[in-house]
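*Asks:* The sequence and its predicted three-dimensional model are supplied below.
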2 protein chains.
Amino acid sequence: MTATRAVITAMEVRDVRFPTSDNLDGSDAMNPQPDYSAAYVILRTNASDGLRGHALAFTTGPGNDVQAQAIEALRDHVLGFDVIEICADLGGFSRRLVYDPHLRWLGPEKGVMHMAMGAVINAAWDLAAKRAGQPVWQFLAEMSPEDLVGMVDYRYLTDALTPEESLEILRRAEPGRAERAAALRSSGYPAYATGPGWLGYSAAKLQRLAEEAVADGFTQIKLKVGASIEDDIHRMRLARDVVGPDIRIAVDANQRWDVGTAVEWMRRLAAYDPYWIEEPTSPDDILGHARIRREISPIKVATGEHIANRVVFKQLLQADAVDIVQIDAARVGGINENIAILLLAAKFGVPVCPHAGGVGLCEMVQHLAMFDFVAVSGTTEDRVLEYVDHLHEHFVDPVRMRQGRYQSPSAPGLSAEMHTESLDEYAYPNGPVWAERGA
Amino acid sequence: MTATRAVITAMEVRDVRFPTSDNLDGSDAMNPQPDYSAAYVILRTNASDGLRGHALAFTTGPGNDVQAQAIEALRDHVLGFDVIEICADLGGFSRRLVYDPHLRWLGPEKGVMHMAMGAVINAAWDLAAKRAGQPVWQFLAEMSPEDLVGMVDYRYLTDALTPEESLEILRRAEPGRAERAAALRSSGYPAYATGPGWLGYSAAKLQRLAEEAVADGFTQIKLKVGASIEDDIHRMRLARDVVGPDIRIAVDANQRWDVGTAVEWMRRLAAYDPYWIEEPTSPDDILGHARIRREISPIKVATGEHIANRVVFKQLLQADAVDIVQIDAARVGGINENIAILLLAAKFGVPVCPHAGGVGLCEMVQHLAMFDFVAVSGTTEDRVLEYVDHLHEHFVDPVRMRQGRYQSPSAPGLSAEMHTESLDEYAYPNGPVWAERGA
């Protein structure tokens, strides 16, 4: 008997949607009725371990089929490829996808096709970490600085960050890795709560949820703003009354404003001591963010969930345009590009406070925040990871919160795997939940 | 008998691909083997005039199916809508697509979904201009400044360009409109030739085509560069030898370089007097282009064919990062967003030299260049429109060149309509051309 070479034998893509718009969960100034959805990918192999790689791209409902089709377009980059080779060279794997010349034309490195690459790259990481028997945060945090640098695509970065500088950053953080991993395991990673502040919620619901968040141990909450200044002042005052002066209240405009409007609006909210303004304007507007930041100081400026790639993050940092870098697990080209962004943030000394929520974004991005703490920035000071209590029940290894902190995952992989029952029940348009609604 | 209200009754989407990689036509440093392709859209109505709206998104082959699927996702924004209302308010129509909150999540305003919106918006313009019995350039050039301003989405622009400033620009150009339109009709719009310079061509072919371009009346050619500096020096010298010192030679790196590499490379090519360097680095790198421009002056910096939207163009201008703005007919959100970009360029006094080539890009973008001349910038000084002699035979109203100049189209519409035979023959994967190849 000869040993069979382990190859990727199938890539399954699922269109899964949750009818979250029923309760206006997730509603904001630009997304009034989202149905949180996943273009979900499963990589299967013929290896005897039976392990599979799972990940997803996140959307808000309509268009999730386009996102799924974009993942399908990557089939030829995956099927038949050697599992051991992919897992041993995730840097090369990610570059092979990102530099496909035909698919690159559809971005480049942005939008539907880039998110599709991110999902497939993340699924490969999930598989690799499972094969190593480690949660992704630990899998990353135990890599050598040299191996981590090999994961990064430095194209377009070298005017701001070189491989040598990256090695220095990573080596500086090497000594305390074990202690910080132990600290993570015992006390978790700090979080903040977005749940109270969705724009569609009533005043009573806002106050009740804000109160609960503080009781649960969160030291920061976030309110959606941007539809009406009077309403925002009212809601900001309600929230401040409930949480008191010591809890940080961040606000989030979801790209609603022009540069001038952002400055005026935030000056009017300043009396209620907002901690940061998130997505004040277009995620593409580096110079706009820089001007807003200069003009509303000391209120901080945060953005990132819609930043397409490392090149835009690089410039936000070069232009002193942000106080907070908000990475997202499913927007850019997967874990590889997020390692680049974490290194950029470390180089410029700007804290990373990841975006989460949606479907599975908390599950995936917690690994990156924890890796950053253990092996990159080496600190949790002024860092908080977004938390939304939402759809976690669909995941095999859901996030676990205790006293306002994410508990470090211990199961191998990226925590992106959903229950088969959930994939089936919420399948769009033919799963029972949607068939009933006549989707 | 009551009159039937004219509505859009069908949106037909076609995946059409041309096997251009056979001859390395279109090959460059990032696109070694493109098969020029179109995700082609036809809007049909029940109006008795039988007119249809045609447009396309351009891709390089694989992934064209994803692009087509993204157009399909816009079906609900089109089907059943009143034709007269859409044609009377193309500004409102484009904003309705761009601000669909769910589809916006897939960009925002970038990549596959934004190009899909551009295609559908352009098809609506084609229909509207046909109903008016005018080529699009004239249809635009006869609109009042107020109506043109109503076409533009000023969100994210007002820190650089307001509606009032736009009105001023357009009113300043009003007096000479008729004379300039007449000049266009008699002598056309200046062009430059990219045909000679594809990276995959031999030295002999490069020299022969460069010679022919000059004989044809072109005063500028363009060479692809970026794969090997020795090779680029060699090809630049060959070209300069053939065309002499008075013909402008632009070079195009198709995003191949990091910022530092771009500066070093262009300093080595400087001896051969390159006129502009196009796409020296990532299209997202505003600050990078600004630095390259400062460091290689007086060589000009040009970019735009991969710039996702007006927000990035705005910043390229704010940051003094480009000497030349290269609009593309099929990358951004259609004619509406291109009007915004033309106005931005006029505000900052930067010439627009559109990107063309591909499939139908020459046909479509000539209308925008001509509109700019007649009603926006009012000049062709230092403006040249890219020309590639390529796939025009598939179009019902192909571009017409005379002595290195585009002749103004006179047929109604956007010139994007392809012959039915071409749509059928090159249909992917089941048209005869592809079926034969076993696609």
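*Replies:* Received the coordinates, thanks. Numbering: from 1, shown residues only, chains lettered A, B, ... in the order given.

*Asks:* could you pull out the helices for the stretch 301-439 of chain A?
*Replies:* Applying DSSP state H, counting those that start in this stretch to the stretch 301-439 of chain A gives helices spanning A:310-318, A:334-348, A:361-371, A:420-425, A:432-436.

*Asks:* Same question for the stretch 51-200 of chain A.
*Replies:* A:64-72, A:83-88, A:90-98, A:101-104, A:111-132, A:136-141, A:145-151, A:163-172, A:177-187.

*Asks:* how about those helices in JSON lines, adding distance to chain B and mean neighbour count?
*Replies:* To be clear about C-beta, it is placed using only N, CA and C from the backbone, and glycine gets the same treatment. Shown next, in JSON lines, are the helices of the stretch 51-200 of chain A (distance: least, Cβ to the nearest Cβ, whole Å; neighbours: other Cβ atoms under 10 Å in any protein chain shown):
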{"stretch": "helix A:64-72", "distance to chain B": "5", "mean neighbour count": "26"}
{"stretch": "helix A:83-88", "distance to chain B": "20", "mean neighbour count": "17"}
{"stretch": "helix A:90-98", "distance to chain B": "12", "mean neighbour count": "20"}
{"stretch": "helix A:101-104", "distance to chain B": "4", "mean neighbour count": "21"}
{"stretch": "helix A:111-132", "distance to chain B": "2", "mean neighbour count": "28"}
{"stretch": "helix A:136-141", "distance to chain B": "25", "mean neighbour count": "25"}
{"stretch": "helix A:145-151", "distance to chain B": "16", "mean neighbour count": "18"}
{"stretch": "helix A:163-172", "distance to chain B": "12", "mean neighbour count": "16"}
{"stretch": "helix A:177-187", "distance to chain B": "31", "mean neighbour count": "15"}
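
*Asks:* Switch those helices over to CSV; also include mean pLDDT and distance to residue B:376.
*Replies:* As requested, those are exported to CSV (pLDDT from 0 to 100; distance: least, Cβ to Cβ, whole Å):
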stretch, mean pLDDT, distance to residue B:376
helix A:64-72, 98, 34
helix A:83-88, 97, 51
helix A:90-98, 98, 37
helix A:101-104, 96, 32
helix A:111-132, 98, 28
helix A:136-141, 98, 51
helix A:145-151, 98, 47
helix A:163-172, 98, 45
helix A:177-187, 98, 58
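
*Asks:* ok, now which ones touch residue A:111?
*Replies:* Going by Cβ atoms under 8 Å, 6 or more residues apart in numbering or on different chains, residue A:111 touches A:308, B:106, B:107, B:110, B:111, B:112, B:113, B:114, B:308.

*Asks:* same thing but at 7 Å, please
*Replies:* B:106, B:107, B:110, B:111, B:112, B:113, B:114 (Cβ atoms under 7 Å, 6 or more residues apart in numbering or on different chains).

*Asks:* out of those residues, which one sits closest to chain A?
*Replies:* Closest approach between the contacts of residue A:111 and chain A, by Cβ to the nearest Cβ: residue B:111, at 1.6 Å.

*Asks:* Not counting sequence-adjacent ones, nearest residue to the closest one?
*Replies:* Nearest non-adjacent residue to residue B:111, counting by Cβ to Cβ, 6 or more residues apart in numbering or on different chains: residue A:111, 1.6 Å away.

*Asks:* Show me how chain A divides into domains.
*Replies:* A:8-134+A:422-436, A:172-414 (automatic domain parsing).

*Asks:* Can you get me the start-to-end distance on stretch A:321-328?
*Replies:* Stretch A:321-328 stretches 18 Å from its first residue to its last (Cα to Cα, to the nearest Å).

*Asks:* What are the contacting residues of that stretch?
*Replies:* Contacts for stretch A:321-328 (Cβ under 7 Å, 6+ apart): A:276, A:278, A:286, A:289-290, A:293, A:300-305, A:313, A:316, A:338, A:341, A:345, A:350-355, A:361, A:365, A:368.

*Asks:* and if we set it to 8 Å?
*Replies:* So stretch A:321-328 is contacted by A:276, A:278, A:286-287, A:289-290, A:293, A:300-307, A:313, A:315-317, A:338, A:341-342, A:344-345, A:350-356, A:361, A:365, A:368, A:386 (Cβ under 8 Å, 6+ apart).

*Asks:* mean confidence for that stretch?
*Replies:* Stretch A:321-328 shows a mean pLDDT of 98.

*Asks:* So residue A:180 is in contact with residue A:377, correct?
*Replies:* No. Look at residue A:180 against residue A:377 with Cβ atoms under 8 Å: they stay out of range, at 10.1 Å.

*Asks:* Overlap in contacts, these two.
*Replies:* By Cβ under 8 Å, 6+ apart, no residue touches both residue A:180 and residue A:377.

*Asks:* got a pLDDT number for residue A:3?
*Replies:* Residue A:3 is given a pLDDT of 64.

*Asks:* Okay, now the unreliable bits of chain A?
*Replies:* A:1-3 (pLDDT under 70).

*Asks:* quick one: the most centrally placed residue in it from chain B, how far?
*Replies:* Taking Cα atoms, centre = their mean, the centroid of chain A lies closest to residue A:328, which sits 2.4 Å from it. In this structure, residue A:328 and chain B are 12 Å apart, going by Cβ to the nearest Cβ, to the nearest Å.

*Asks:* Chain neighbours aside, what residue packs nearest to residue A:284?
*Replies:* residue B:311 (4.4 Å).

*Asks:* dump the residue contacts of the one you found.
*Replies:* Contacts of residue B:311 by Cβ under 8 Å, 6+ apart are A:282, A:284, A:285, A:288, B:109, B:156, B:157.

*Asks:* Please list the residues of the stretch 151-300 of chain A that sit near chain B.
*Replies:* Taking Cβ under 8 Å from any Cβ of the partner chain as the contact definition, the stretch 151-300 of chain A meets chain B at A:154-159, A:255, A:258-260, A:281-288, A:291.

*Asks:* let's see it at 7 Å
*Replies:* Counting by Cβ under 7 Å from any Cβ of the partner chain, the stretch 151-300 of chain A comes close to chain B at A:155-156, A:158-159, A:255, A:258-260, A:281-288.

*Asks:* Among those, which one lies nearest to residue B:234?
*Replies:* The nearest member of these to residue B:234, counting by Cβ to Cβ, is residue A:155 at 25.0 Å.

*Asks:* What helices and strands are in contact with the strand or helix carrying residue A:233?
*Replies:* Using DSSP states H and E, residue A:233 sits in helix A:229-243. Applying 3 or more Cβ pairs under 7 Å, 6 or more residues apart in numbering or on different chains; DSSP states H and E, one finds that helix A:229-243 makes contact with helix A:203-215, strand A:220-224, strand A:248-252, helix A:259-269.

*Asks:* Take these and write them to JSON lines, including distance to residue A:394 and mean neighbour count.
*Replies:* What follows is those, written out as JSON lines (distance: least, Cβ to Cβ, whole Å; neighbours: other Cβ atoms under 10 Å in any protein chain shown):
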{"stretch": "helix A:203-215", "distance to residue A:394": "21", "mean neighbour count": "17"}
{"stretch": "strand A:220-224", "distance to residue A:394": "23", "mean neighbour count": "26"}
{"stretch": "strand A:248-252", "distance to residue A:394": "24", "mean neighbour count": "24"}
{"stretch": "helix A:259-269", "distance to residue A:394": "35", "mean neighbour count": "19"}
